[in-house]
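Asks: Next comes the sequence, and after it the predicted model I'd like to discuss.
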Amino acid sequence: MERKQSVRLWILLVVIALAGMFTQRMLSGGNTQNVQRVIGESKLYTQEEIGRIMDVVEREFRREFRGCTLRELKYDEEFSMRQSADWAAQYDADEAVVLTSSFDVDGRGGDGSLNPNSSYTKWLWILTRTGSGDWILQTWGY
């Protein structure tokens with residue numbers, strides 16, 4: 001009798017462990033492991049500064065883009081400068097940077113708001129800062 005209870009307890013523990021692993025996988029965020037960072041020449045920022053800006057975007061992608069895989073994250077200074085003044089004004093900031101990205105979405109559609117089994121390109125990421133403060137990710141999308 002005691003042996004049956006022991007076996008049942010082990011089975012229950014295995015089921016709980018498997019359920020936990022499955023839940024963690026379902027709740028985990030976006031994948032940024034193999035993202036290609038494309039940093040063009042810049043007269044405004046150092047490569048390190050642009051890298052820190054991209055770090056902010058990647059953290060948010062991992063946190064919010066469950067089921068998605070970030071393929072490319074790009075800084076194109078000419079493209080960014082065409083829009084940066086308007087974005088800085090909208091968020092009452094001194095500076096704004098616009099990055100673009102491409103990413104793939106799994107069969108679940110990420111969090112449900114994206115098209116399942118699709119790819120998004122030219123997805124925008126808008127970051128601002130005031131003075132020498134930290135870059136703040138304000139918004140993203142098309």
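Replies: It's in. All values reported here derive from a predicted model rather than from experimental measurement.
Asks: residues of stretch 32-44 that come out buried?
Replies: Neighbour counts over stretch 32-44 (16 or more other C-beta atoms under 10 Å) mark 32, 35, 37, 39, 42 as buried. From N, CA and C alone the C-beta is placed, and that goes for glycine too.
Asks: Could you work out the end-to-end span of that stretch for me?
Replies: 26 Å (C-alpha to C-alpha, to the nearest Å).
Asks: Looking at the buried residues of stretch 32-44, point me to the pair that's furthest apart.
Replies: Largest separation among the buried residues of stretch 32-44 by C-beta to C-beta: 32 and 42, giving 21.9 Å.
Asks: Could you list the low-confidence segments of the chain?
Replies: Residue ranges of the chain with pLDDT under 70: 1, 4, 6-28.
Asks: Counting neighbours, what do you get for residue 141?
Replies: Using other C-beta atoms under 10 Å, the number of residues around residue 141 comes to 8.
Asks: can I see the domain layout of this structure?
Replies: What automatic domain parsing lists as the domains of the chain is 1-30, 31-141.
Asks: residue closest to the middle of this protein?
Replies: residue 61 (1.0 Å; C-alpha atoms, centre = their mean).
Asks: Could you double-check that that residue sits in contact with residue 54?
Replies: No - counting by C-beta atoms under 8 Å, residue 61 sits too far from residue 54 to count as a contact (10.1 Å).
Asks: measure residue 44 to residue 54 for me?
Replies: For residue 44, the distance to residue 54 equals 15 Å [C-beta to C-beta, to the nearest Å].
Asks: Could you check which helix or strand contains residue 86?
Replies: Assigned by DSSP states H and E, residue 86 falls within helix 77-90.
Asks: same question but for residue 54, I mixed them up
Replies: helix 47-64.
Asks: Alpha carbons only: can I get that helix in CSV?
Replies: Provided in CSV are the C-alpha atoms of helix 47-64 (Å, rounded to 0.1, in the frame of the first residue of the first chain):
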residue,chain,number,x,y,z
GLN,A,47,28.7,52.2,-32.3
GLU,A,48,28.5,51.5,-28.5
GLU,A,49,25.6,54.0,-28.1
ILE,A,50,23.6,52.4,-30.9
GLY,A,51,24.3,49.0,-29.3
ARG,A,52,22.8,50.2,-26.0
ILE,A,53,19.8,51.5,-27.9
MET,A,54,19.4,48.1,-29.5
ASP,A,55,19.8,46.4,-26.1
VAL,A,56,16.6,48.3,-25.0
VAL,A,57,14.7,47.0,-28.0
GLU,A,58,15.9,43.4,-27.5
ARG,A,59,14.9,43.4,-23.9
GLU,A,60,11.4,44.5,-24.8
PHE,A,61,11.2,42.0,-27.6
ARG,A,62,12.1,39.2,-25.2
ARG,A,63,9.5,40.4,-22.7
GLU,A,64,6.6,41.2,-25.0
